[in-house]
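Undergrad: Provided below are the primary sequence and the corresponding predicted coordinates.
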Amino acid sequence: MDHVQPKPEANAAVASIPFDNSYARLPAHFHAAADPSPVSEPWLIKFNRPLAQELGLDADTLERDGAQIFSGNSVPEGAEPLGMAYAGHQFGQFVPLLGDGRAILLGEVIDRNGVRRDIQLKGAGKTPYSRRGDGRAALGPVLREYIVSEAMHALGIPATRALAAVVTGEPVYRERVLPGAVFTRVAASHIRVGTFQFLAARGDTEGVKTLADYVIDRHYPGLHDRQRPYLALLEAVAERQASLIARWLCVGFIHGVMNTDNCAISGETIDFGPCAFLDDYDPAKVFSSIDQGGRYAYASQPAIGQWNMARLAETLLPLLDPEPSEAVNLANDVIAGYGARFQNHWLDGMKAKIGLTDEEDGDLELVQGLLTLMKDGQADFTLTFRRLAGVAENDATEPAFAATFRDPAAIAPWLAEWRTRLSREAGTPQERARKMRLVNPAVIPRNHRIEQAIRAAEDDGDFSLFEALLTVLSKPYEDQPGFAAYAAPPQPQEEVLRTFCGT
Ligand code: AMP
Ligand code: MG
């Protein structure tokens, strides 16, 4: 692309980032040039030095000039800022053109592991896709995305990453006037199901093929050698989604807005809006203020993942087979197989959470039995499993485990069954407990803690709670005695009932 970067400041820092912008080289209608709009008084809240190093960037310079660079005031050399075009089903309704309305892709770098990663500013001003939006982001959602995306990564769940956050020194106007901020996101790519839908909806089969080839090269190398590479691509994306959503369920994560434009082809968790973690276990739980029908409730996520894969399949039909009915059959088989893929990942994950490695009939029922008791007993999802690891090695901790249930006595028959089942597993109780603690986090980003961190930052300019949360959440599987309070569920008055989008 051929356009001139604005130079907002005479002394603007010029960081050297070795960009290699493959998306900008794709056909012109895939994207639109979009320069960041400068802001008045940027201030660097947070810079993720280890991630910068992983990306092979000059962390010292980026940190020193971070306010200018990560606000978009100073665009590093070699960047080709653009908004990506995409469509999307939003709560089931198809919108043929959405696109990056408040996100600007600076470019791509090859990280230390040879992986191509996108660097994107979120909230750096309007793009050609902004419609009536202001292209800006408020501080609260920026802190939320920073905390939750880094926490997901530390939990071992594929997710986009947080490279930096700045406040802009300018207000944004939502229901209230809020401090503006810019979030710098790093992703395996920002290609979404909606990116395919954008091209398919225009009848641009050639474009869909170009994008599919690009995605195979970037995320699924090797599939080009398969007999039906685009069918293999659909299968591979469905596999990653099934695995991802199973991982979400195993830690109590609710994405909140699983629209097809918020579903990344790479298999990373993306677009942390009104997302939240369960405290008490309730499969019907919804936090998002805009999800009135409960479309994206905790336990609805696997089915929505399948629905999203069906929308992806539709865009690929012309590439699957020249005979339309055969293309539909092939796609249907993949979509029909999604349920079993998900179930396998989920059951593996849940079995590990209760300390099972062997396969036996009745394992599913044992897992479901516990979940039913948790639901009826309003048990805290995270504490229940973490404390069960304690019970696995020390019977004396049983009262603490039982105390997470409203009626502690009700759990006794299940525990007896579980112990009988464990008696047929290899390994010592200590080994079992250790393994269980590696999959059952002690701390998750609890909603009330995020809310407290946002409140302190917004109201008092105090980022210490934000920092403390990042610290404790960087080691979620360890007991951290200095941070014991972060493992605790909210007090009734602290409980967060609703979460909101960043828009
Ligand atoms: P999201 O809710 O973040 O998934 O965004 C849905 C769509 O709305 C995307 O196309 C966004 O780019 C767009 N959008 C959200 N907020 C804004 C904003 N403040 N300005 C412009 N576009 C926005
Ligand atoms: Mg989005």
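TA: Sure, I can see it. Residues are numbered from 1 along each chain as shown. Ligands and ions are numbered 1, 2, ... in the order given.
Undergrad: let me see the contact set for the nearest residue to N308 once chain neighbours are set aside.
TA: Distances taken as Cβ to Cβ, 6 or more residues apart in numbering put C263 closest to N308, at 4.8 Å, once the chain neighbours are dropped. (C-beta placed from N, C-alpha, C; glycine too.) Remark: with contacts taken as Cβ atoms under 8 Å, 6 or more residues apart in numbering, C263 is in contact with 192-194, 241, 270, 305, 308.
Undergrad: near ligand 1, which residues of the protein are found?
TA: 98-102, 130, 133-136, 257, 261-262, 271, 273, 501-503 (Cβ under 6 Å from any ligand atom).
Undergrad: rerun at 8 Å
TA: Taking Cβ under 8 Å from any ligand atom as the contact definition, the chain meets ligand 1 at 83, 86, 88, 90, 98-103, 123, 126-127, 129-137, 172, 257, 259, 261-262, 271, 273, 501-503.
Undergrad: narrow these to those in strands?
TA: 83, 88, 90, 103, 137, 172 (DSSP state E).
Undergrad: got these as a markdown table, with neighbour count columns?
TA: A markdown table is the format used below for those (neighbours: other Cβ atoms under 10 Å):
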| residue | neighbour count |
| --- | --- |
| G83 | 23 |
| G88 | 24 |
| Q90 | 16 |
| A103 | 22 |
| A137 | 25 |
| V172 | 18 |
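Undergrad: report the two of those residues separated the most.
TA: Maximum pairwise distance in those, criterion Cβ to Cβ, is 23.1 Å, between G88 and V172.
Undergrad: in helices only, show me the contacts of C263.
TA: Among the contacts of C263, the members found in helices (DSSP state H) are 193-194, 241, 305, 308.
Undergrad: show me which of those residues are buried.
TA: 193-194, 241, 305, 308 (16 or more other Cβ atoms under 10 Å).
Undergrad: for these, which one is nearest ligand 2?
TA: Set against ligand 2, the nearest of those by Cβ to the ion is G194 (8.4 Å).
Undergrad: and that closest one, how far is that from T184?
TA: Distance of G194 to T184, given as Cβ to Cβ, to the nearest Å: 22 Å.
Undergrad: L62 now?
TA: 10 Å.
Undergrad: try A400
TA: Distance, A400 to T184, using Cβ to Cβ: 41 Å.
Undergrad: and for V177?
TA: V177 is 24 Å from T184, where distance means Cβ to Cβ.
Undergrad: of the two, who's got more company?
TA: Shown here are V177 and T184; by other Cβ atoms under 10 Å, T184 has more neighbours (30 against 10).
Undergrad: okay, buried residues for the host helix or strand of that one please.
TA: Using DSSP states H and E, T184 sits in strand 177-187. Using 16+ other Cβ under 10 Å as the test for burial, strand 177-187 gives 178-187.
Undergrad: mind checking how far the residue nearest to N308 is from N48?
TA: Using Cβ to Cβ, C263 is found at 25 Å from N48.
Undergrad: what of P399?
TA: Using Cβ to Cβ, P399 is found at 41 Å from N48.
Undergrad: now whichever residue of the stretch 201-350 of the chain sits closest to ligand 2, nearest residue through space, not along the chain?
TA: At 3.9 Å from ligand 2, D271 is the closest residue in the stretch 201-350 of the chain, using Cβ to the ion. In this structure, D271 finds its nearest non-sequential neighbour in N262, 4.0 Å apart by Cβ to Cβ, 6+ apart.
Undergrad: could you pull out the helices for the stretch 201-350 of the chain?
TA: Taking DSSP state H, counting those that start in this stretch, the helices of the stretch 201-350 of the chain run over residues 205-219, 229-251, 301-320, 324-353.
Undergrad: what is the nearest of the buried ones among the ones in helices among the contacts of C263 to ligand 1?
TA: Distance to ligand 1, by Cβ to the nearest ligand atom, is smallest for G194 among those, at 8.6 Å.
Undergrad: thought the closest one was touching I265?
TA: No - if you go by Cβ atoms under 8 Å, G194 and I265 don't touch, sitting 9.8 Å apart.
Undergrad: tell me how many other residues surround N329.
TA: If you count neighbours by other Cβ under 10 Å, N329 ends up with 12.
Undergrad: who's in contact with it?
TA: Applying Cβ under 8 Å, 6+ apart, no residues contact N329.
Undergrad: if I look at it, how far off is E323?
TA: According to Cβ to Cβ, N329 stands 9 Å off from E323.
Undergrad: now do the domain split for this protein, please.
TA: Recorded structural domains for the chain (assignment: automatic domain parsing) are 23-190, 194-347, 357-503.
Undergrad: is the longest one in proximity to ligand 2?
TA: No - between domain 23-190 and ligand 2, judged by Cβ under 5 Å from the ion, nothing touches; the nearest distance is 7.7 Å.
Undergrad: within range of ligand 2, give me the residues from the stretch 251-400 of the chain.
TA: Proximity of the stretch 251-400 of the chain to ligand 2 (Cβ under 5 Å from the ion) is limited to residues 262, 271.
Undergrad: one more pass at 8 Å, please.
TA: The stretch 251-400 of the chain comes close to ligand 2 at residues 257, 259, 261-262, 270-271, 273, as judged by Cβ under 8 Å from the ion.
Undergrad: which among those gets closest to E235?
TA: Lowest distance from E235 to those (Cβ to Cβ) belongs to I270, with 20.6 Å.
Undergrad: now the buried ones among the ones in helices among the contacts of C263 as CSV including distance to P476 and pLDDT?
TA: Output for these, formatted as CSV (distance: Cβ to Cβ, whole Å; pLDDT from 0 to 100):
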residue, distance to P476, pLDDT
V193, 29, 98
G194, 31, 98
Q241, 23, 98
G305, 23, 98
N308, 27, 98
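Undergrad: which intervals of the stretch 1-150 of the chain have sub-threshold pLDDT?
TA: Low-confidence segments of the stretch 1-150 of the chain (pLDDT under 70): 1-14.
Undergrad: tell me where it has helices.
TA: Under DSSP H, counting those that start in this stretch, the stretch 1-150 of the chain gives helices at 49-54, 59-64, 66-71, 139-155.
Undergrad: and the ones you listed, which is most packed in?
TA: Most buried of the helices of the stretch 1-150 of the chain, by mean neighbour count (mean count of other Cβ atoms under 10 Å): helix 66-71, with a mean of 27.
Undergrad: run through who's touching that one.
TA: For helix 66-71, the external contacting residues (Cβ under 8 Å, 6+ apart) are 9, 12-13, 15, 36, 38-39, 42-44, 47, 62, 73-74, 76, 121, 124, 163-166, 168, 182, 184.
Undergrad: and the residues you listed, which of them are in strands?
TA: Counted as lying in strands by DSSP E, out of the contacts of helix 66-71, are 43-44, 47, 121, 163-166, 168, 182, 184.
Undergrad: tell me the buried residues within those residues.
TA: Neighbour counting by 16+ other Cβ under 10 Å classes 44, 47, 121, 163-166, 168, 182, 184 among the ones in strands among the contacts of helix 66-71 as buried.
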